[in-house]
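**Student:** need a 3D model of the sequence below.
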Amino acid sequence: MNKKFLLLMLSIGFTGLLAMPAVVGATQGADCTSTACDAGEVCIVNPSGSTPAKICTSPQGSQYGLTDFTNVGLNQTSDVKGSIANIINIVLGFLGIVAVIIILAGGFKWMTAGGNEDKVSESRQMIIQGVIGLVVIFAAWAIASFVISSLQSATS
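**Tutor:** Residues are numbered from 1 along each chain as shown. Predicted structure coming up:
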């Protein structure tokens, strides 16, 4: 039962991560009735009828309004140290999400224990292990951040 619940929670979380670009990518360009559009954008009539009547948008073929990935907010670096720092941050972020899911699963198990002391002690142990995991993840992030920043300042 516990493994099935954890697998279900991970599946729901992964599905939510997959759907995130569709949610975040829905942006509207500037009003092009009074100003010109930027390079690579075209002025189109807004079919929804809401204001503004004309908007700047990228041409068809760019699904989310991005012609390239230079402006999506990811810290793109050309050096190896920056790339490694990005990978470490992504991995530690994912591990933090897993630790929070473990804490939530422990809380759910505690709430559904029905007074059974064995289940309560198991769920308390899950919560403690999740909190210890979060502390270790935060410590690992602090150490990795310090080491990467020290390497970048020493080699620049």
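
**Student:** which one's the longest helix in the protein?
**Tutor:** When every helix of the chain is counted residue by residue (DSSP state H), the longest turns out to be helix 117-155.

**Student:** and the pLDDT for residue 110?
**Tutor:** The confidence metric pLDDT takes the value 93 at residue 110.

**Student:** can you tell me the element it falls in?
**Tutor:** helix 80-111 (DSSP states H and E).

**Student:** show me what that helix is packed against.
**Tutor:** helix 2-24, helix 117-155 (3 or more C-beta pairs under 8 Å, 6 or more residues apart in numbering; DSSP states H and E). C-beta here means a position set from N, CA and C on the backbone, and glycine is covered the same way.

**Student:** tell me which of the ones you listed sits most buried.
**Tutor:** Each of those was given a mean neighbour count from mean count of other C-beta atoms under 10 Å, and the largest, a mean of 13, is that of helix 117-155.

**Student:** now do it against helix 80-111, angle only.
**Tutor:** Regarding helix 117-155 and helix 80-111, their directions subtend 170 degrees when assessed with axes from the mean of the first three to the mean of the last three C-alpha atoms, to 10 degrees.
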